[in-house]
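Visitor: with the input below, show me the fold.
(one chain, ligands or ions: 2)
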Amino acid sequence: MKITVLTYLDSEDENSKDYDPVVPQVARTLRKLGHRVSVLGVHGDVKRLITGLSRRKPDLVFNLMEMFGDNVFGDIPVTGLLELLGLAHTGSGPGELYLSQDKGLTKKLLAFEDILYPRFAVFARDTAFETGGNLRMPLFVKPLRSDASLGIGGKSLVHDAVALMERVSVIRKELDDAALAEEYIEGREFYVGVIGNAQPKALPPVEIDFTGFPEGVPKVMDSKAKWDERSKEYKGTRSVLAQLPDELRARLQKVAVDAYRALRVRDYGRVDLRLTDTGEIYVLEVNASCYLDKESEFAMAAAAGGLDYKRLIERIVDLALARHKKRS
Ligand SMILES: Nc1ncnc2c1ncn2[C@@H]1O[C@H](COP(=O)(O)OP(=O)(O)O)[C@@H](O)[C@H]1O
Ligand SMILES: [Mg+2]
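Guide: Numbers count the residues shown, from 1 in each chain. Ligands and ions are numbered 1, 2, ... in the order given. Below is the predicted model of the structure:
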């Protein structure tokens, strides 16, 4: 098959081959699977995007778009464009991406399915304040829609109204996003990958081990812990395959699949969860079309579930094609 791997470019130099590391990994794997593969990297030029796709006429777009130019939410309209062009593509469409990106809306969909989530309040810029009930301090304040722990750090956990409003205004100003305040859920943290459409299956849970985390700071995957390789937070966290009694593993997997379904995720995704001392499982967020790097928690979980990287990529291709065929 002719497959185009579609990705964003950080740089405006459209000839730059400075791709996210996941791009060559996926392209190489698709070649190993026998496909004819091209990579299309676009920074923010819609014409280039359309021309690049029209020229290549792929049978399938492997969609690794995370943003478009400076627009961190640009993956949504780009996916919409793929659908307008009638191109089969991997992962969720614009609607599903929108639902899971908005962590307030996500909770409202989870509520209908009786899935637990932290009680919350949304501080939008131009609409009325909305709240999920009386909130109990401390609260965790994060951007409503941005991911990758953007805007999440040492000051995210707040203990009073003054600190809360300070964080809210920083997020609105610096990230140009609404702010979301959630009740802080103390407990173990898990990532559960899910694959499939008609019958989504959960992968083995991965746990974030905070054992080496610095003392006195809340144990959360903030931007340092995720990205700053020299920080104590990064060095102090590890993702490990969770060692769990069967019953608890099954419960985590069920909540993850329920949340995946509630958000209508397509092909693949990852659900971030916390488990309290009393055994309650809270969904923190759902990541439709989650990061697919070979080193990612999702790839790690897939491997543990019997899908090595090659088979994982093959499965995603098969799921996308089967969906597309059904539609046309
Ligand atoms: N309500 C909460 N209670 C406790 N920790 C939280 C809460 N919300 C987020 N966190 C911490 O912050 C991290 C990032 O939050 P998350 O909602 O997953 O956003 P992102 O999209 O940036 O990954 C989580 O992995 C978790 O460690
Ligand atoms: Mg997360």
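
Visitor: what about Ser54, how many residues nearby?
Guide: 10 (other Cβ atoms under 10 Å). Just so you know, the C-beta spots here come from the backbone N, C-alpha and C atoms, and that holds for glycine as well.

Visitor: tell me which element it falls in.
Guide: helix 46-56 (DSSP states H and E).

Visitor: in that helix, what's buried?
Guide: Along helix 46-56, these residues count as buried under the neighbour rule (16 or more other Cβ atoms under 10 Å): Leu49, Gly52, Leu53, Arg56.

Visitor: how about residues contacting the helix or strand that it is followed by?
Guide: Going down the chain from helix 46-56, the next helix or strand is strand 60-64, by DSSP H and E. Strand 60-64 is contacted by residues 1-8, 20, 22-23, 26, 30, 53, 78-79, 82, 87-91, 289, 292, 316-317, 320-321, 324 when judged by Cβ atoms under 8 Å, 6 or more residues apart in numbering.

Visitor: hmm, back to that, between the buried residues of helix 46-56, which is nearest ligand 1?
Guide: Proximity of the buried residues of helix 46-56 to ligand 1 (Cβ to the nearest ligand atom) peaks at Leu49, which lies at 25.2 Å.

Visitor: contacts only, for that closest one.
Guide: Leu49 makes contacts with Leu40, Val42, Val78, Leu81, as judged by Cβ under 8 Å, 6+ apart.

Visitor: could I get stretch 1-15 in PDB with only the CA atoms?
Guide: Provided in PDB are the C-alpha atoms of stretch 1-15 (Å, rounded to 0.1, in the frame of the first residue of the first chain):
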ATOM      1  CA  MET A   1       0.000   0.000   0.000                       C
ATOM      2  CA  LYS A   2       1.000   3.600  -0.500                       C
ATOM      3  CA  ILE A   3       1.100   5.200   3.000                       C
ATOM      4  CA  THR A   4       1.900   8.800   3.800                       C
ATOM      5  CA  VAL A   5       3.200   9.500   7.300                       C
ATOM      6  CA  LEU A   6       1.800  13.000   8.100                       C
ATOM      7  CA  THR A   7       3.600  15.100  10.700                       C
ATOM      8  CA  TYR A   8       4.100  18.600  12.000                       C
ATOM      9  CA  LEU A   9       7.300  20.600  11.700                       C
ATOM     10  CA  ASP A  10       8.500  22.900  14.400                       C
ATOM     11  CA  SER A  11      10.500  24.900  12.000                       C
ATOM     12  CA  GLU A  12       9.100  27.200   9.300                       C
ATOM     13  CA  ASP A  13      11.800  25.700   7.000                       C
ATOM     14  CA  GLU A  14       9.500  23.300   5.200                       C
ATOM     15  CA  ASN A  15      12.500  21.400   3.800                       C
END
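
Visitor: so how far is that stretch from its chain's centroid?
Guide: 20 Å (Cα atoms, centre = their mean, to the nearest Å).

Visitor: and the strands in the stretch 151-300 of the chain?
Guide: 157-158, 179-183, 188-195, 201-202, 206-209, 238-241, 268-275, 281-288 (DSSP state E, counting those that start in this stretch).
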